[in-house]
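S.K.: Generate a structure from the sequence data that follows.
(one chain, ligands or ions: 1)
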Amino acid sequence: MTSNAVAAARCWVEVDLDALRANLAWIRHRVGPKVRVITVVKADAYGHGLKSIAALLMQSGTDMFGVATLAEAAAIRTVGAGWPILMLGAALPDEVEGAIRDDVMLTLSSSAELQMIATCAERLKRKAFVHLKVDTGMGRLGVAPEGAVALATQVRSSPHVELAGLYTHYANVEEEASFTRNQRLTFRRIRDLVRAHAGDPEWVHAANSGGLLLELPDTCSAVRPGLLVYGIYPPGSRLGNRPHPDPFKPALAWKAKISLVKEVSAGTRLSYGGTFTARKRMRVATVTAGYGDGYMRAASGQSEVLIQGRLCPVLGRVTMDQMLVDVTRLALVRPGEEVVLLGKQGSGCIRAEDLATWMGTIPWEVLTSIAYRVPRVYRGGQAA
Ligand SMILES: Cc1ncc(COP(=O)(O)O)c(C=O)c1O
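M.R.: Numbers count the residues shown, from 1 in each chain. Predicted structure coming up:
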């Protein structure tokens with residue numbers, strides 16, 4: 001999107017590719033030269049726009065991409081051929097062939113899956129690459145620790161399937177240190193057993209963003225961050241082993257405009273349901289963003305936006321395309337002025353964590369809820 005298009009936009013996202021590049025460099029610096037980085041780009045690269053982010057990460061030397069769907073993998077392939085891609089979810093039966101044909105590595109949790117993958121690979125006369133997932137406490141995917149060695153051994157004896165990786169996923173790094181420690185110790189034990197009985201997979205990984213901030217991956221050859229690549233700390237991890245000085249910068253800013261400013265008298269109800277009534281004369285701005293853009297209705301009456309660098313409260317219910325904001329404290333406000341929903345303006349700043357608190361959710365959901373109709377504009381990096 002060009003700057004003329006920004007001038008015409010009602011609600012848009014700006015992505016700072018230099019910040020993203022620097023965040024990846026900091027992750028590399030933190031984990032050291034021997035540990036590889038699998039960047040997680042699920043859900044349109046956490047709402048940042050998959051293709052542009054994939055291009056930037058390829059230029060910046062990511063080692064592998066983690067995706068949720070084959071469509072995401074295919075989008076990455078259109079940006080650059082040959083990059084290692086791991087599908088983090090369990091492939092559906094009718095997705096296995098496409099994954100093998102497109103060299104997308106598959107997550108393996110059971111011998112039934114292995115059989116399906118092996119049969120398909122044999123029929124295609126190709127090799128399938130799998131990362132064996134061990135369930136150390138997440139309870140979502142993965143083989144139980146007791147079954148891991150047997151499954152790894154089965155993979156090793158399948159001529160059409162290669163054991164490319166071994167991994168696990170932390171369930172609550174930020175809040176439960178001892179649970180996480182147990183997960184890590186279990187994983188380390190399984191890694192040693194797999195090594196002894198089925199060889200050493202190339203990619204051994206566990207740490208998401210919280211994991212790599214809180215502890216260094218002594219057990220692993222790779223880390224698997226998402227949120228931190230985009231410059232956002234998992235809530236709670238600030239208390240942990242946080243790098244000093246703080247190097248990570250949010251790459252995404254979310255903006256809209258003022259479309260109308262009006263005075264309302266005391267007693268005026270604002271927006272659907274009349275959940276807000278003016279107690280005194282007020283100046284109210286209509287802002288061109290709503291839940292149709294991903295600005296959740298749960299933020300109604302809770303959140304603030306930045307106008308002229310100052311925080312202004314959202315009044316009453318957020319509607320599909322618009323919301324109302326109190327600008328009484330500002331001297332002069334005009335239609336067309338920029339409003340920051342997430343990001344910096346002057347000395348003001350709204351972080352994804354702030355929006356998440358106001359919306360009663362987590363930063364991951366804030367980012368991935370920004371709607372497709374909201375154009376993404378790229379700055380820095382190799383952006384045109
Ligand atoms: C399996 C897996 N690994 C890694 C990540 C990245 O997590 P984070 O964004 O907390 O770094 C996710 C995120 O959902 C995930 O599902």
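S.K.: Just the pLDDT at T2, thanks.
M.R.: We have a pLDDT of 60 for T2.
S.K.: same thing with A383?
M.R.: At A383, pLDDT is 49.
S.K.: One more: S237?
M.R.: At S237, pLDDT is 63.
S.K.: Next: G290.
M.R.: 98.
S.K.: Point out where the stretch 201-350 of the chain drops to low pLDDT.
M.R.: Along the stretch 201-350 of the chain, segments meeting pLDDT under 70 span 216-217, 237-245.
S.K.: switch the cut-off to 50
M.R.: 239 (pLDDT under 50).
S.K.: residues in it within reach of the ligand, list them.
M.R.: Taking C-beta under 6 Å from any ligand atom as the measure of proximity, the stretch 201-350 of the chain contacts the ligand at N208, S209, G210, R224, P225, G226, L227, L228, P234. Any C-beta I mention is one placed from the backbone N, CA and C, and that applies to glycine too.
S.K.: what's the most distant pair in the residues you listed?
M.R.: Spanning the widest gap among those are R224 and P234, at 13.1 Å by C-beta to C-beta.
S.K.: overlap in contacts of these two?
M.R.: Taking C-beta atoms under 8 Å, 6 or more residues apart in numbering as the criterion, R224 and P234 both touch N208.
S.K.: Any buried residues in stretch 80-88, and which?
M.R.: Within stretch 80-88, the residues scored as buried using 16 or more other C-beta atoms under 10 Å are W83, P84, I85, L86, M87, L88.
S.K.: how close does the fourth one sit to I38?
M.R.: Between L86 and I38 the distance, using C-beta to C-beta, to the nearest Å, works out to 6 Å.
S.K.: Check D135 too.
M.R.: Relative to I38, and taking C-beta to C-beta, D135 is found at 19 Å.
S.K.: likewise P250?
M.R.: Counting by C-beta to C-beta, the separation of P250 from I38 is 21 Å.
S.K.: before we move on, what about V377?
M.R.: V377 is 27 Å from I38, by C-beta to C-beta.
S.K.: Equivalent analysis for A54, please.
M.R.: Applying C-beta to C-beta to A54 and I38 gives a distance of 13 Å.
S.K.: Mutual contacts of these two, please.
M.R.: With C-beta under 8 Å, 6+ apart, A54 and I38 have common neighbours F65.
S.K.: Enumerate every residue touching the residue most central in space within the chain.
M.R.: For the chain, the residue sitting closest to the mean C-alpha position, by C-alpha atoms, centre = their mean, is Y46 at 3.5 Å. Contacts of Y46 were listed using C-beta under 8 Å, 6+ apart, and they are V40, G226, L227, Y230, W364, L367, T368.
S.K.: and the helix or strand that it is a member of, what's its mean pLDDT?
M.R.: Using DSSP states H and E, Y46 sits in helix 42-47. For helix 42-47, mean pLDDT is 98.
S.K.: Looking at the protein, which strand is longest?
M.R.: Longest strand of the chain, by residue count under DSSP state E: strand 252-264.
S.K.: Against which helices or strands is that one packed?
M.R.: strand 11-16, strand 282-287, strand 338-345 (3 or more C-beta pairs under 8 Å, 6 or more residues apart in numbering; DSSP states H and E).
S.K.: of those strands, which approaches T119 most closely?
M.R.: Per C-beta to C-beta, nearest to T119 of these: strand 11-16, 42.1 Å.
S.K.: Whichever residue of the stretch 151-300 of the chain sits closest to the ligand: how many residues sit nearby?
M.R.: Nearest residue of the stretch 151-300 of the chain to the ligand, counting by C-beta to the nearest ligand atom: G226, 2.7 Å away. By other C-beta atoms under 10 Å, 22 other residues sit near G226.
S.K.: Quick check: it vs A112, distance?
M.R.: Counting by C-beta to C-beta - G226 and A112 are separated by 29 Å.
S.K.: now do L252
M.R.: 40 Å.
S.K.: More neighbours: which of the two?
M.R.: L252 (25 against 8).
S.K.: Could you give me the buried positions within the lengthiest helix in the chain?
M.R.: Across the chain, the longest stretch assigned as helix under DSSP state H is helix 177-198. For helix 177-198, the neighbour count (16+ other C-beta under 10 Å) marks T180, Q183, R184, T186, F187, R188, I190, R191, V194, A198 as buried.
S.K.: could you check the distance from the fifth one over to E97?
M.R.: Relative to E97, F187 is positioned 31 Å away (C-beta to C-beta).
S.K.: about what we covered before: just list what the longest helix of the chain packs against, helices and strands only.
M.R.: helix 145-156, strand 161-167, helix 209-214.
S.K.: Only the buried residues of the last one, if you could.
M.R.: By that I understand helix 209-214. S209, G210, G211, L212, L213, L214.
S.K.: if we take the residues you listed, which one ends up nearest to V327?
M.R.: Out of those, the member with the shortest distance to V327 (by C-beta to C-beta) is S209, at 36.1 Å.
S.K.: List the contacts of whichever residue of the stretch 251-384 of the chain sits closest to the ligand.
M.R.: Nearest residue of the stretch 251-384 of the chain to the ligand: W364, at 6.1 Å (C-beta to the nearest ligand atom). If you count contacts by C-beta under 8 Å, 6+ apart, W364 has them with Y46, G226, L227.
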